[in-house]
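**Q** Build me a structure from this.
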Amino acid sequence: QVQLVESGGGLVQAGASLRLSCALSGRTSSSYTMAWFRQAPGKEHDFVARINWTGGITNYADSVKGRFTISRDSAKKTVYLQMNSLKPEDTAVYYCAARAGMARFGRDEYTVWGQGTQVTVSS
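**A** Predicted coordinates:
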């Protein structure tokens, strides 16, 4: 059973930075594509960023390009989301997601989800 555990959310002011972490545990013999999604109140899960576990290929939503950076530490089986220049519209619950093999931007492509961590950005 593969599990994801997120950490690092919190309440910050606009312009500040936060780093989210997502640790992958369990039977992780497969290579996983990892991603971050977020869900604001009353909205759907929106894609934020993804990273190919073996190739280090990354993709970002237009709304976070240039401000957020996804990275991974393969030895620690951990993925990070560095969020800089945070804006009030970044306020959401952030979810880490994983899929063995390849996945792109769709929520339904990912089969393992973390519990979510709240990020609140005040103006």
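**Q** can you pull the buried residues of stretch 7-22?
**A** 8, 9, 12, 18, 20, 21, 22 (16 or more other Cβ atoms under 10 Å). C-beta: built from backbone N, CA, C; applies to glycine.
**Q** hang on, residue 74 packs against residue 53?
**A** Yes - judged on Cβ atoms under 8 Å, residue 74 makes contact with residue 53 at a distance of 7.1 Å.
**Q** show me where the protein has strands.
**A** Along the chain, counting by DSSP state E, strands occupy 3-7, 10-13, 18-25, 32-39, 45-51, 58-60, 68-73, 78-83, 92-100, 112-113, 117-122.
**Q** Quick check: mean pLDDT of the last one?
**A** Mean per-residue pLDDT for strand 117-122: 97.
**Q** how about that strand: buried residues?
**A** By neighbour count on 16+ other Cβ under 10 Å, the buried set for strand 117-122 is 117, 119, 121.
**Q** what angle separates it from strand 18-25?
**A** Comparing the axes of strand 117-122 and strand 18-25 via axes from the mean of the first three to the mean of the last three Cα atoms, to 10 degrees yields an angle of 180 degrees.
**Q** packing partners for strand 117-122?
**A** strand 10-13, strand 18-25, strand 92-100 (3 or more Cβ pairs under 8 Å, 6 or more residues apart in numbering; DSSP states H and E).
**Q** can we see that at 7 Å?
**A** Counting contacts by 3 or more Cβ pairs under 7 Å, 6 or more residues apart in numbering; DSSP states H and E, strand 117-122 is packed against strand 10-13, strand 92-100.
**Q** and the residue sitting nearest the centre point of the chain, what are its bridge partners?
**A** Computing the C-alpha centroid of the chain and ranking residues by Cα atoms, centre = their mean puts residue 36 first, at 2.3 Å. When assigned by DSSP bridges, residue 36 has beta-bridge partners residue 49, residue 96.
**Q** can you check residue 101 too?
**A** Counting by DSSP bridges, residue 101 forms beta bridges with residue 32.
**Q** circling back to that earlier point, which pair in the buried residues of stretch 7-22 spans the largest distance?
**A** Using Cβ to Cβ, the two most remote members of the buried residues of stretch 7-22 are 12 and 22, lying 18.8 Å apart.
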